[in-house]
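> Sharing a sequence plus its predicted fold:
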Amino acid sequence: MTSRDGFQWTPQNGLKQGVPSIGVISPSTKITSNTPWDVIVIGAGYSGLTATRDMCVAGLNVLLLEARDRIGGRSWSSNIEGYPFEMGGTWVHWHQANVWREISRYQMGEELEPSFDFSRGVNYFELRTDKHSTTMSHEEEDTLLATALEKFVNVDGDMGRIIVPFPYAGFHNPDARKYDKMSVLDRLNVISQSLTPNERTGLESFILLCSCGTLETTSFFEFLHWWALCGYTYRGCMDCLISFKFKQGQSSFAIKFFNEALSTGSLSYAFDSPVKSIQDEDKKVTVTTRDGRSFTASRLVTTIPLNVLNDITFNPPLDPIRTQATKIGHVNQCVKVHAEISNKDMRSWTGISYPFNKLTYAIGDGTTPAGNTHIVCFGGQHNHIQPEEDVNATKAAVTSMAPGNMDIQRLVSFPGIPLFEEIANKLKVFHNWSKDEFAKGAWFFSPPGFISSSLDALRQRHGNILFSNSDWAIGWRSFIDGAIEEGTRAALTVKEELRSTRLRSHL
Ligand code: FAD
């Protein structure tokens, strides 16, 4: 099945909207009951899938409403000629306890594979700036980035361990709050004298790879929080953030949650059903979709992300702090582009092109069934591009990650192919998260001051409505793990409340 989401570009067919995925659900609607539901869940990303599954397994009568034609939300994979390009959330790690609990539940531990493979010919790191281009070994890359990052995070003489000792209680040390007021640029200004030019370039691009905002709009505390979750080391960051993915793609994981919920017989669902308004009354909550259908339940779990929550009308209105937080939103406008290139040896290449290029950070991420190298590239708000609006600029940005370096010699070994760029840009796949009306951004990353002012309010309920999303998780906020953490929390609350209501009504 092909989802409406995402884009593919090939030299033969040009740009096409829509990407095939096993996450597309058909039939799109299955409603087995007309009675009020115990609970409605809005959103079939990992928060919504976890909450739905847990409540179905507990015997509750659940209705799942989703705006898209597919499950997975901001984490989904394509299936193009048998290869899973990851359109959103990709990498998972066993240090992420919620995600690993689910991987164990579905016995998928053996279905992971490493992204990096440093065994091929172009086995080096390329650092390109406005002024020069340098290549170095991957060991030198690690040393450069680790040294720069350690200078950046070492606010307490112990690599941030004193300031953020418990990442699941971010402000356990109250001194951490002052770092939430700082942007990463503020922190860079403090340490700028100690950084070499290459360290500065590597550091800025690594930070922007994490936030996909700008240096001014990225909270320094939030970066410290990620650092703490990753075990206070650069190596930990690489392992947890960008190393291990599903061989068959994220949608092969998400579908397990959906199928388990479905197997209980307690699940009704409607895809292609964007919600417009939510009315909360004394003992019930009513959800109305854009096409005018209304559904009622005892409880509602909304997993609508932060940057689009403001598009829903709530009655009674949301509290002022949450409303203000949804107006501010998170800053992540990641651009993630996959390119399939003919040079097999680029499998072992990594690169940074910053600040001039529209794509900043890229790695060899796999080999497609056709034997081509799959390169994944990231850009962000600091030098933003809308890939489908300017395919040539996107091609140029991919090529500019390693110009000529996608081997002129290699080109020679492919006689008959006239243009290097034709080879380099065989296929491109992407999802424009910035223009996605059900996300308006990629993974959560907070601007300065946001966590101090808004996190607690975002986690509060509103009458019969519970709010569940990775964007306001406590632990791996921004990650699939945080989505599962949140879905688990919402399901537990609803299960306990409805159980006690039912017990009372039997007395
Ligand atoms: P979502 O996935 O956003 O789910 C919310 C759902 O609500 C969506 O399906 C949406 O369609 C639906 N919805 C929204 N509005 C409405 C409406 N009005 N009516 C009905 N439904 C609606 N995480 C990692 O762990 N590892 C990674 O490598 C990683 N990389 C990422 C790369 C990218 C490009 C992106 C975008 C994200 C990445 N993430 C990664 C983050 C991760 O994908 C998210 O944190 C996680 O998927 C969020 O899950 P969620 O269920 O909380 O929210």
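That came through, no problem. Numbering: from 1, shown residues only.

> of all the residues in the protein, which ones are close to the ligand?
Proximity of the chain to the ligand (CB under 6 Å from any ligand atom) is limited to residues 42-48, 65-68, 73-75, 88-92, 274-275, 303-305, 308, 312, 334, 336, 433, 438-439, 442-443, 469-470, 478-481, 483. Heads up, the C-betas are built off the backbone N, CA and C, glycines and all.

> mind listing which of the residues you listed are in strands?
Within the residues of the chain next to the ligand, residues falling in strands by DSSP state E are 42, 65, 275, 336.

> out of the residues you listed, which one sits closest to residue 159?
residue 336 (29.1 Å; CB to CB).

> ok, what's across the strand from that closest one?
According to DSSP bridges, the residues that bridge with residue 336 are residue 378.

> and the gap between it and residue 43?
As judged by CB to CB, to the nearest Å, residue 336 and residue 43 stand 21 Å apart.

> go on, residue 377?
Here the criterion is CB to CB. By it, residue 377 lies 28 Å from residue 43.

> number of nearby residues for the residue of the stretch 201-350 of the chain found nearest the ligand?
Relative to the ligand, the nearest point of the stretch 201-350 of the chain is residue 275 (3.6 Å; CB to the nearest ligand atom). By other CB atoms under 10 Å, 23 other residues sit near residue 275.

> Pretty sure it sits against residue 42.
Yes - with contacts counted by CB atoms under 8 Å, residue 275 reaches residue 42, the gap being 5.3 Å.

> how many neighbours does the closest residue to residue 329 other than its chain neighbours have?
Nearest non-adjacent residue to residue 329, counting by CB to CB, 6 or more residues apart in numbering: residue 307, 4.4 Å away. Other residues near residue 307 number 24, with proximity taken as other CB under 10 Å.

> Enumerate every residue touching residue 307.
326, 329, 330, 439, 440, 441 (CB atoms under 8 Å, 6 or more residues apart in numbering).

> Low-confidence stretches in the stretch 151-300 of the chain?
Low-confidence segments of the stretch 151-300 of the chain (pLDDT under 70): none present.

> What ranges does it have for its strands?
Using DSSP state E, counting those that start in this stretch, the strands found in the stretch 151-300 of the chain span residues 244-246, 267-270, 275-280, 285-289, 294-302.

> Contacts for the first one next, please.
What it means is strand 244-246. Under the contact criterion CB under 8 Å, 6+ apart, strand 244-246 has outside partners 77, 84, 86, 90-93, 108, 111-115, 252-253.

> Quickly list the domain ranges of the protein.
23-75+250-329+444-506, 116-242+335-432 (automatic domain parsing).

> And those domains: which comes nearest residue 10?
The nearest among those, by CB to CB, is domain 116-242+335-432 at 5.2 Å.

> end to end, how far does the closest one reach?
Terminal residues of domain 116-242+335-432 lie 25 Å apart, using CA to CA, to the nearest Å.

> Which pLDDT value belongs to residue 5?
Predicted confidence (pLDDT) for residue 5: 92.

> Wait, it touches residue 68, no?
Yes - contact criterion CB under 8 Å: residue 5 and residue 68 qualify, at 6.4 Å.

> before we move on, the earlier item: now the residue of the stretch 201-350 of the chain closest to the ligand, which residues is it bridged with?
In this entry, residue 275 is beta-bridged to residue 289, by DSSP bridges.

> what about the helix or strand residue 398 falls within, average pLDDT?
Assigned by DSSP states H and E, residue 398 belongs to helix 391-399. Helix 391-399 carries an average pLDDT of 85.

> Are there helices or strands packed against that helix, and which ones?
strand 335-341, strand 373-379, helix 420-424, strand 427-430 (3 or more CB pairs under 8 Å, 6 or more residues apart in numbering; DSSP states H and E).

> rank these by mean pLDDT and give me the bottom one.
Ranked by mean pLDDT, the helices and strands packed on helix 391-399 end with helix 420-424 at the bottom, a mean of 40.

> What are the buried residues along stretch 313-325?
Neighbour-count burial for stretch 313-325, counted by 16 or more other CB atoms under 10 Å, picks out 314, 318, 322, 325.

> Same question for stretch 277-286.
Here stretch 277-286 shows 278, 279, 285, 286 as buried, counting by 16+ other CB under 10 Å.

> How about stretch 5-22?
Using 16+ other CB under 10 Å as the burial criterion, the residues of stretch 5-22 that qualify are 5, 6, 7, 8, 9, 19, 21, 22.
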